[in-house]
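>>> need a 3D model of the sequence below.
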Amino acid sequence: MPQLPNSELALKLPPINSYIPTKFELKPLPADDSSHPLLNCSVKVCIGNGKKKQWYPACVVKFKTEKNNHFLLLHFEDEHEQWYTLDSNIVDTDENAIEAGFESFFDNGKVKFKVTAVPREGEGFVFSYGDADHECDVDDGVAFPPIPPPSPASRLPQLVYNNNSLKVWHMQDRRFKRPQSDLRLNFVCDGMNDALKQACMDLFCKLCADALAETCYLASVCELGSSLHSNDTGFSIRVNGFDDKVMLLAKEVLDVVMSFRGRDGHTCLPSTIKDSRFDACLEVLRRNYSNSGMDASNFVTSLRLLCLKPSTKSSFSKLKALEGMTSDKFVDCLNQVLQKISVEAYYHGNVCREDADGAAQMISEALTVHHRGLPKKKMPSKLIIKAKDAIDQHLITSPTVDPTDSNTSVEVYFQIGKDDLTNRVLVDLLEHVLDEPFYNELRTKEQFGYEVSVGARWTFGVLGMSFKVTTCCKTADEASARVDRFLGEFRTQLESMSDESFMEHLVSLAKEKLEMFDSMADECGSHWSEICEGRYLFEGHRQEVQCLKTVTKESLLVAYDKWLHPVCGKGKPKKRRRVVFHVIGKGNIFRPDDPSEVGEHIDGLVRDFHNSVKGYHSSAQKGNKRTQTQQQWRENSKPNCRGSRIGRLSRHSVD
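Predicted structure coming up:
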């Protein structure tokens, strides 16, 4: 029979993995907003109207228990809401018994109802008129989809802690019903305004990830994940997996990260980091910087962002800033960056309010006694360069970073203006209308390039549209000229578009905005994007769909003429905020001479663009108060992320 090894031998069983989950129960929901199989269902209610009774469509939005009574809150199409008593015979109805066609009564048999639609797993409110003809019309794109009611405040992220530059948000999952949770943190650091500090932040994240490699491996075996990423203003952390052990892993990660704080006067690395790993991580980071921009298509987009976002520093400038970097210099720089920080966190999933309070306490303690918050007036401003409004395009041309790359990539960017609901919806709709014809003309018919795309852009609260062509058979000038010619020709197609086709575009975009979340991570990511950007419009997609219902073909034509069309009503070229980026590959006769230092050349292009705009616009700044100038736009509007081509930050459309 198998036996344990002799105690005299050096063989031992491996230590128990502390990240193995042991609790898989779902946390109870609050009594005043609990769960029931009818919750989120669409119903029709038979209500007396004088001597007649009529059926009214509604959605079940809330369930609560009070003194052994069970109540459902119904939201009607006219925004009216009313509570009904749930009859005892369906209080404990099995979830699988509720399906479309189910009938019963409210208020002790006085009010009859029948279920017209049941939400799928992971879906929120569903609203249906219970009319098969209308549902077919929606599928055919000739009728607008019904808009579900807004979620109660208890179903959206709630701010549960706000003290000393630490904010913690919380939302308990009701859709996916998994024993999992997701904790996300964003750290905004002081003075992240130059290439050296941003490079040191990149190195800091690599060192911490390296120090946590063994811990994260043990956690990953138990389906717990973690990540640490730097950004222009600081860094972010994510820990997700079984809620039973998420906080244990989060504490381990925060202990390593926070070991760098409160070390003023120290020049050595903290004990959590091995000295031998500094040079290795530094070399990996340098190689990453050296290899960035090798793909022409990705590089042309990076070039656009470098020109538009002054706070973003290029990989080349960060590589240069790391010259002569030592551990002493790194620690000194990091002491300055981490001296004052602001933290915002979001705890989502199978976690109740008590769990969120515990998470807030753990994060607060992890910040150490040396924590000094970053005042609101010191928070970095998110600014974007305002492009010239001119007839001539502002052209920025660069050779490919890889001298052997034969691809040429062109991006034509139209800057529209500060975000607002109507313009955001119009830009979304323009992308929806332009996408297929643009691809069909340039890629399918003319084989102009192997990558052809049009996309709505949202950059630090400023709307835009981007047309990209990557080709190895056309010149950059031909590609950008073809984009402009397409915009001139498409105006006729847009004007002659039938009402049926226009309605199909409206309905298709509305259904896209109302799409359900694919997973808990998808829902958490959408809410987290709103929190990070400071907008907090967790259900702005409803506003967008409501606004979309009011859009006419005439208003879309006006927007097209104003933003994209190359000529005015008199047939003369007109002013547009247009910036064109050319990245020209090997073998193209118009390729600029390869500079001796590609990185310095690219940084010089960015500086020249900034200087040219500064010469055209004035700027003003006094003390800690940054004023909105003609030269730069500042984010002061609040667009939504979910289900929108411009919105949802997890999608490609947000820079």
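>>> just the buried positions in the helix or strand where T492 lies, please.
In the assignment (DSSP states H and E), T492 maps to helix 476-496. The neighbour-count check on helix 476-496 (16 or more other C-beta atoms under 10 Å) flags 476-480, 482-484, 486-487, 490-491, 494 as buried. All C-beta atoms are positioned from the backbone trio N, CA, C, and that covers glycine.
>>> save the residues you listed as CSV, and put in distance to A390 and pLDDT too.
Output for the buried residues of helix 476-496, formatted as CSV (distance: C-beta to C-beta, whole Å; pLDDT from 0 to 100):
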residue, distance to A390, pLDDT
A476, 20, 92
D477, 18, 93
E478, 22, 93
A479, 21, 94
S480, 15, 94
R482, 21, 95
V483, 17, 96
D484, 14, 95
F486, 21, 96
L487, 16, 96
F490, 22, 96
R491, 20, 95
L494, 24, 95
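>>> flag every buried residue along whichever helix or strand comes after the helix holding T492.
Proceeding N to C from helix 476-496, the next assigned helix or strand is helix 499-513, under DSSP H and E. For helix 499-513, burial by neighbour count (16+ other C-beta under 10 Å) applies to F502, M503, H505, L506, V507, L509, A510, K511, K513.
>>> coming back round to it: output the buried residues of helix 476-496 as a markdown table; include the columns distance to Y346.
As requested, the buried residues of helix 476-496 are exported to a markdown table (distance: C-beta to C-beta, whole Å):
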| residue | distance to Y346 |
| --- | --- |
| A476 | 43 |
| D477 | 47 |
| E478 | 47 |
| A479 | 42 |
| S480 | 41 |
| R482 | 44 |
| V483 | 40 |
| D484 | 43 |
| F486 | 42 |
| L487 | 40 |
| F490 | 42 |
| R491 | 44 |
| L494 | 41 |
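>>> what kind of secondary structure is the closest residue to I584 other than its chain neighbours in?
If the residues on either side of it in the chain are set aside, I584 comes closest to R591, at 4.3 Å by C-beta to C-beta, 6 or more residues apart in numbering. Secondary structure, DSSP: H, G, I helix; E, B strand; the rest coil: R591 is coil.
>>> residues touching R591, list them.
By C-beta atoms under 8 Å, 6 or more residues apart in numbering, the contact set of R591 is P399, I584, G585.
>>> can you lay out those residues as JSON lines showing secondary structure?
Putting the contacts of R591 into JSON lines (three-state DSSP) gives the following:
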{"residue": "P399", "secondary structure": "strand"}
{"residue": "I584", "secondary structure": "strand"}
{"residue": "G585", "secondary structure": "coil"}
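>>> what's the closest of those residues to L26?
G585 (55.0 Å; C-beta to C-beta).
>>> residues in contact with the closest one?
G585 neighbours (C-beta under 8 Å, 6+ apart): A296, P399, T400, D405, S406, N407, T408, S409, C472, R591.
>>> ok, the second one - how many residues close by?
This points to P399. P399: 23 surrounding residues under other C-beta atoms under 10 Å.
>>> surely it is in contact with F590?
No. Using C-beta atoms under 8 Å, P399 makes no contact with F590, being 10.1 Å away.
>>> find the residues that touch each one of these two.
With C-beta under 8 Å, 6+ apart as the test, P399 and F590 both reach I584.
>>> give me the local confidence score for V545.
Looking at V545, its pLDDT reads 93.
>>> residues touching D405, list them.
Contacts of D405 by C-beta under 8 Å, 6+ apart are M294, D295, A296, G585, K586.
>>> make that N162, sorry
Residues counted as contacts of N162 (C-beta under 8 Å, 6+ apart) are V168.
>>> low-confidence ranges, this structure, go.
1, 4-5, 7, 9-11, 50, 89, 91-96, 130-141, 369-370, 614-653 (pLDDT under 70).
>>> need the contacts of R591 in CSV with distance to L367, can you?
What follows is the contacts of R591, written out as CSV (distance: C-beta to C-beta, whole Å):
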residue, distance to L367
P399, 46
I584, 49
G585, 49
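>>> which helix or which strand is home to C46?
strand 42-49.
>>> show me what that strand packs onto, helices and strands only.
Here strand 42-49 touches strand 52-66, strand 111-117, going by 3 or more C-beta pairs under 8 Å, 6 or more residues apart in numbering; DSSP states H and E.
>>> A360 is nearest to which of those strands?
Comparison of these against A360 by C-beta to C-beta identifies strand 52-66 as nearest, at 26.6 Å.
>>> would you put the C-alpha positions of the closest one in CSV?
These are the backbone C-alpha positions of strand 52-66, laid out as CSV (Å, rounded to 0.1, in the frame of the first residue of the first chain):
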residue,chain,number,x,y,z
LYS,A,52,-62.7,48.6,-19.8
LYS,A,53,-59.5,46.7,-19.1
GLN,A,54,-56.4,47.2,-21.1
TRP,A,55,-53.0,45.5,-21.3
TYR,A,56,-50.0,47.7,-20.6
PRO,A,57,-46.4,46.7,-21.2
ALA,A,58,-44.0,47.0,-18.2
CYS,A,59,-40.7,45.8,-16.8
VAL,A,60,-40.1,44.3,-13.4
VAL,A,61,-37.3,46.5,-12.0
LYS,A,62,-37.2,45.7,-8.3
PHE,A,63,-38.2,43.1,-5.7
LYS,A,64,-38.3,43.5,-1.9
THR,A,65,-39.7,41.9,1.2
GLU,A,66,-41.4,43.7,4.1
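>>> the helices in the stretch 1-150 of the chain, which residues?
Counting by DSSP state H, counting those that start in this stretch, the segments of the stretch 1-150 of the chain that form helices are 132-140.
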